[in-house]
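> For reference, the sequence and a predicted model appear below.
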Amino acid sequence: MERDTFGYHTRTETKSKGWQAFPYLMVLTVCCAFSLPAFSAMQKGSENALGIPISLFEGFSDLYRQELGSIQGCEGNVAALEHKVCSEHLRNEGNAPYILYVRGSSEPAPIVVLFHGLTDSPFYLRGIAEHLQSRGYTVVVPLTPGHGKKFADADMEDPKLKQRWYQHVDDVMALVNPYSTQRFIGGFSTGGTLATRYMLLHSEEVDGLLLFSGALALSNSAENLARIWGMKSLAKLFDGDFETGGPYPYRYPDVAGYAGLTLADVIFEIRDILDEGNYTKPIFVAHSMADIITPFRGVEDLIQRINGNHQVFTIDKSYDTCHQDLVMSSFMMIDFKVDKRQLRLDERCAIPKPNPLFGSMTLMLDYYMKGLQKKERE
């Protein structure tokens with residue numbers, strides 16, 4: 001469903017050369033908290049030798065033990081080189097945060113942290129995360145506060161929601177910073193917004209910014225609405241009891257108006273930060289020109305105002321690609337079961353589809369990342 005602005009099912013198409021999945025060594029059913037006794041006993045030196053950052057896993061699990069109240073082992077499959085944090089408070093395990101890692105090198109792998117979008121979950125970044133893992137990166141995909149839960153009504157009208165988002169990004173980055181000398185931050189949609197703010201405030205801590213359908217602008221009507229005094233209070237009334245269940249297993253059915261207005265506040269804050277100084281940072285952008293939820297003008301303005309060797313992958317408007325599909329690979333669709341009985345099938349973006357240009361998009365991403373690795377070596 002494409003309902004302009006505060007969320008609602010948009011999608012992004014790109015031409016794909018098909019899913020280029022890396023060869024898994026094996027798929028194991030392992031505990032999501034990943035606190036295996038043998039690993040817990042390892043000293044930090046042996047962790048680095050094996051390329052398995054056990055203390056990073058423990059810190060990641062502790063983060064969600066505090067945020068969600070409790071965590072538990074995952075009942076579903078967890079890949080051999082994956083640490084996943086499950087909880088009884090999540091809708092299902094597809095909404096769980098995870099780390100995909102590499103091992104076998106004496107040098108720490110570069111780390112990429114990717115934040116998901118408003119109303120959705122880490123599932124949506126799976127295809128990109130697995131691609132980067134196959135290229136030798138450790139990829140951390142957090143769960144933003146208020147998302148992926150069975151019950152989220154209190155979260156979606158929390159007056160401290162923005163501060164919780166900011167603090168979570170800070171906590172995740174503080175957790176990963178000691179584990180690599182090369183770090184990237186980015187995300188999909190709202191995740192890209194939060195990543196952009198962090199990069200601007202902590203530019204020296206990250207080597208690049210990755211934006212997939214980055215929400216650096218909303219429609220004119222949405223932004224005008226967000227500037228009206230008292231709209232957040234009205235939004236809480238209109239939102240009513242926020243429903244988390246629905247046709248989509250890995251995202252909420254709608255965007256809470258209050259959360260959408262909170263996103264607008266973050267966007268406005270980023271523009272204020274940009275007005276205050278000059279910034280240099282290489283940025284990767286992937287965006288659909290048919291995206292009316294997060295118009296391209298937002299990221300276009302960003303790359304014009306920030307110096308750097310930027311790489312921009314755009315999808316022509318003629319493809320009519322919806323917001324949500326930009327990050328969807330063919331492989332991801334295997335596990336994506338939508339309850340069509342709850343959908344209006346005549347709506348433009350009701351049914352998720354894989355990005356037909358996913359392969360081309362990741363090739364451009366590879367080019368961007370290799371250029372920064374070469375610069376790091378020099």
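It's in. Remember, predicted model here, so these are calculated numbers, not experimental data.

> C-alpha from now on. contacts and neighbour counts both.
Noted.

> Can you identify each of the strands in the stretch 251-378 of the chain by residue range?
Here the stretch 251-378 of the chain has its strands, by DSSP state E, counting those that start in this stretch, at 279-280, 283-288, 306-307, 311-315.

> helices or strands up against the longest one?
Taking 3 or more CA pairs under 8 Å, 6 or more residues apart in numbering; DSSP states H and E as the contact definition, the neighbouring helices and strands of strand 283-288 are strand 208-212, strand 311-315, helix 358-377.

> That strand: partners in the sheet, and parallel or antiparallel?
Note on strand 283-288: by DSSP bridges, its sheet partners are strand 208-212 (parallel), strand 311-315 (parallel).

> Average pLDDT for it, rounded please.
Across strand 283-288, pLDDT averages out at 97.

> same deal with the third one?
The predicted model gives strand 306-307 an average pLDDT of 98.

> From the chain's centroid, how far away is that strand?
Chain-centre distance of strand 306-307: 23 Å, with CA atoms, centre = their mean, to the nearest Å.

> which residues touch it?
Applying CA atoms under 8 Å, 6 or more residues apart in numbering, the external contacts of strand 306-307 come out as 278, 279, 280, 281, 282.

> from memory the third one sits against residue 308, does it?
Yes: distance between residue 280 and residue 308: 5.5 Å, which falls inside the contact criterion (CA atoms under 8 Å).

> Flag the shaky bits of the protein, pLDDT-wise.
For the chain, the stretches with pLDDT under 70 are 1-51, 104-105, 374-378.

> Going by residue numbers, what spans are helices in it?
Per DSSP state H, the chain carries helices over the ranges 37-40, 44-50, 54-68, 126-134, 161-176, 190-201, 220-226, 231-239, 257-275, 297-305, 358-377.

> JSON lines for these, including mean neighbour count and distance to residue 211?
Below are these laid out as JSON lines (neighbours: other CA atoms under 10 Å; distance: least, CA to CA, whole Å):
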{"stretch": "helix 37-40", "mean neighbour count": "11", "distance to residue 211": "34"}
{"stretch": "helix 44-50", "mean neighbour count": "15", "distance to residue 211": "30"}
{"stretch": "helix 54-68", "mean neighbour count": "18", "distance to residue 211": "23"}
{"stretch": "helix 126-134", "mean neighbour count": "21", "distance to residue 211": "12"}
{"stretch": "helix 161-176", "mean neighbour count": "16", "distance to residue 211": "15"}
{"stretch": "helix 190-201", "mean neighbour count": "24", "distance to residue 211": "5"}
{"stretch": "helix 220-226", "mean neighbour count": "15", "distance to residue 211": "20"}
{"stretch": "helix 231-239", "mean neighbour count": "15", "distance to residue 211": "27"}
{"stretch": "helix 257-275", "mean neighbour count": "19", "distance to residue 211": "14"}
{"stretch": "helix 297-305", "mean neighbour count": "16", "distance to residue 211": "8"}
{"stretch": "helix 358-377", "mean neighbour count": "16", "distance to residue 211": "10"}
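
> coming back round to it: winner for burial among the strands of the stretch 251-378 of the chain?
For the strands of the stretch 251-378 of the chain, the largest average neighbour count (mean count of other CA atoms under 10 Å) is found in strand 283-288, namely a mean of 26.

> ok, residue 254 touching residue 120?
No: counting by CA under 8 Å, residue 254 stays clear of residue 120, with 9.8 Å between them.

> more crowded one of those two?
When neighbours are counted by other CA atoms under 10 Å, residue 254 and residue 120 differ, and residue 120 comes out ahead with 26 against 21.

> so what's the closest residue to the more buried one other than its chain neighbours up against?
The shortest distance from residue 120 to any non-neighbouring residue, by CA to CA, 6 or more residues apart in numbering, is to residue 251 (3.9 Å). Shown in contact with residue 251 (CA under 8 Å, 6+ apart): 95, 119, 120, 121, 148, 244.
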